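Peer 1: coords below, sequence missing:
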Ligand code: ADP
């Protein structure tokens, strides 16, 4: 009915939040969440006030990446207070739902959870809210892209053809709902053997740059496939925090500078 249609089109601004930026990928496992978290931390490192909203209903990972085990506090007015790590306010759909149950969620349920995370959380004044989107370009993703007042989207892809084809679908999805693509980042790019220094392009190399050129979006840079990135993520202390002076932090910083 009319109310449902209205509820499905809530692109109203979130008070206090200046820019909402989606981090998206055409398929899972390409490093979207790793990029979203490190990007949020890098933006915070630039002196911006930043929030991270983990909206990946199928595999919420911000709590693990930020080493958060407690649930957010609910205030008297029923608003949720996001935990803060390294200056970033973090909310995850994983705090609210069991990801096992989320697999069968339908559009309206996804949307009401998402609207709750956007509008019933005390975000306070934020320069940027980074939204870690669920992977893919299905109904849930389209509804989200349509209902969140997004300033733009960052697309993460590996250099592999298969990932790029899906990334292209992601770009088309954001185009369809008039959300500008801020750029494409190539994750799991060149692997440099820590033992001998040999460079190997395990998933290929340069594909994302080429794809960005093709669609006329900025290329945001390459993040190498490196054990440190995985290990620091698993330890709940992302590389931008654990090795702020290292090359990986620099890669995320340059993405942050491009989207800030
Ligand atoms: P997605 O959100 O796209 O599903 P994740 O960010 O969860 O992907 O990453 C999938 C796995 O790959 C995780 O174990 C993560 O630590 C690892 N990973 C992501 N990016 C890199 C990278 N550049 N180098 C090494 N491991 C990575």
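Peer 2: Structure's in. What do you need? Since we're looking at a predicted model, the values are computed, not measured. Numbers count the residues shown, from 1 in each chain.
Peer 1: how about the residues of the stretch 101-250 of the chain by the ligand?
Peer 2: When proximity is defined by CB under 6 Å from any ligand atom, the stretch 101-250 of the chain lies next to the ligand at 135, 187, 188, 223, 225, 226, 229, 230, 233. Using the backbone N, CA and C atoms, a C-beta is placed for each residue, glycine as well.
Peer 1: between those residues, which is nearest residue 108?
Peer 2: residue 135 (20.5 Å; CB to CB).
Peer 1: once you drop chain neighbours, what's closest to that closest one?
Peer 2: With sequence-adjacent residues excluded and distances taken as CB to CB, 6 or more residues apart in numbering, residue 135 is closest to residue 28, at 3.9 Å.
Peer 1: tell me the secondary structure at the one you found.
Peer 2: Following DSSP: H, G, I helix; E, B strand; the rest coil, the label given to residue 28 is coil.
Peer 1: quickly note the distance from it to residue 220.
Peer 2: Residue 28 sits at a distance of 20 Å from residue 220 (criterion: CB to CB, to the nearest Å).
Peer 1: show me where pLDDT drops low in the stretch 101-250 of the chain?
Peer 2: The stretch 101-250 of the chain contains residues with pLDDT under 70 at 102-103.
Peer 1: hmm, back to that, more neighbours: residue 28 and residue 220, which one.
Peer 2: residue 220 (27 against 15; other CB atoms under 10 Å).
Peer 1: host element of that one?
Peer 2: Counting by DSSP states H and E, the element that carries residue 220 is strand 219-224.
Peer 1: following that strand, which helix or strand shows up next?
Peer 2: With DSSP H and E, the next secondary element past strand 219-224 is helix 227-234.
Peer 1: now that next one: buried residues?
Peer 2: 229, 232, 233 (16 or more other CB atoms under 10 Å).
Peer 1: backbone phi and psi for the residue nearest to residue 135, please?
Peer 2: phi -80, psi 160 (degrees, to the nearest 10).
Peer 1: cool, and residue 50?
Peer 2: Torsion angles, degrees, to the nearest 10, at residue 50: phi -130, psi 140.
Peer 1: give the contact list for it.
Peer 2: Neighbouring residues of residue 50 by CB atoms under 8 Å, 6 or more residues apart in numbering: 40, 41, 43, 44, 87, 88, 89, 126, 127, 128, 129, 130.
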